[in-house]
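> sharing a model that was predicted from the sequence below.
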Amino acid sequence: IIKNAKKNIMKILAITNQKGGVGKTTTCVNLAASLASLGKRVLLIDLDPQGNASTGSGIDKAHLKLSIYHVLIGEKTLKEVVVSSEKGGFDIAPSNRELAGAEVELVNELARETRLKTAIGKLSDDYDVVLLDCPPALNLVTVNALTAANAVMIPMQCEYYALEGLSDLVNTIKKVRAHLNPTLEIEGLLRTLFDNRNMLAQQVSAQLISHFGDKVYKTVIPRNIRLAEAPSYGVPVLSYDKSSKGAVAYMELAQEITNREITNRV
Ligand code: ADP
Ligand code: MG
């Protein structure tokens, strides 16, 4: 009975790094599709006003009537804004430019940091995994994501400045843990846009492992042109070229995450 009870805990994973262009959105969309292909019920929540996760999931963000913005300002429930990414096999709460206004509108509102947490809490047993695609900033929307999450994934490019921003992010996570979400954990650091022939990338990667040990996912996401092309067709790479290195890597990541869950549960 206890086993079953635990099984139903929804995994809420914030995919975050205040740097832009490190592969957050690419990871969200492709991990969502890969987890779905393993039979998981997945909800992706697009928290970036750029709406790239929405576009990449085949949603026309310019013509949205409802988006995550309406959830954060308290006008709609998540269920009311969720649509299906048909090619992706998962559900998505989409976003567009309107979300940029939420930051200002929420400043004087009550419970402004816990809006997303409350909204996700109202989803009953509809999903196994919720992925939160964070904006490239340590702003109120990101704090909402960290407050709602039970785990954090940090995608990073193995380049010279990669470690610099990391301490700001880790400090933000510590603050959220102290004040808003005591059980928040960094689940893992994901090496993205990886080029194995690049000596610097190898050095930074080794450095990451020596600092963070097991927190670094074994799976490495290579730089792969298919991953960059798929969003222009509004599909995850799995539906675009499933034998590409990028598709294989994200399947591996989905498997690694699923296996970790099983090991942690035992
Ligand atoms: P973020 O969400 O962190 O800003 P994105 O996922 O949007 O980053 O990625 C930034 C750019 O790099 C996008 O154009 C994306 O298509 C491309 N990209 C991301 N990951 C890869 C990869 N592994 N290989 C090739 N291109 C990638
Ligand atoms: Mg993004």
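Great, that's in hand. As the structure is a prediction and not an experimental result, all values here were calculated from the model. Ligands and ions are numbered 1, 2, ... in the order given.
> next one: phi and psi at the residue nearest to Leu227 when sequence neighbours are not counted?
Distances taken as C-beta to C-beta, 6 or more residues apart in numbering put Gly246 closest to Leu227, at 3.8 Å, once the chain neighbours are dropped. Where you see a C-beta, it was placed from the backbone N, CA and C, and this is true even at glycine. In terms of degrees, to the nearest 10, the main-chain angles of Gly246 are phi -70, psi -40.
> same check, this time on Leu13
Dihedral angles phi and psi of Leu13 (degrees, to the nearest 10) take the values phi -110, psi 120.
> how much space separates it from ligand 1?
With distances taken as C-beta to the nearest ligand atom, to the nearest Å, Leu13 is found 15 Å from ligand 1.
> tell me the mean pLDDT for the host helix or strand of Thr172?
For Thr172, the host element (DSSP states H and E) is helix 166-179. Average pLDDT, helix 166-179: 94.
> strand partners (parallel or antiparallel) of the helix or strand following that helix?
The element immediately downstream of helix 166-179 (helix or strand, assigned by DSSP H and E) is strand 185-194. Partners of strand 185-194 in the sheet, by DSSP bridges, are strand 151-157 (parallel), strand 216-222 (parallel).
> would strand 185-194 count as contacting ligand 2?
No: using C-beta under 5 Å from the ion, strand 185-194 stays clear of ligand 2, with a minimum separation of 11.7 Å.
> that strand vs helix 166-179, what angle?
Angle, strand 185-194 to helix 166-179, by axes from the mean of the first three to the mean of the last three C-alpha atoms, to 10 degrees: 160 degrees.
> buried stuff in strand 185-194?
The neighbour-count check on strand 185-194 (16 or more other C-beta atoms under 10 Å) flags 186-194 as buried.
> let's have these in CSV, adding distance to Glu256.
Below are those laid out as CSV (distance: C-beta to C-beta, whole Å):
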residue, distance to Glu256
Ile186, 15
Glu187, 11
Gly188, 9
Leu189, 13
Leu190, 10
Arg191, 12
Thr192, 14
Leu193, 18
Phe194, 15
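> now, which of these sits nearest Lys40?
Taking C-beta to C-beta as the measure, Lys40 lies nearest Glu187 of these, at 15.6 Å.
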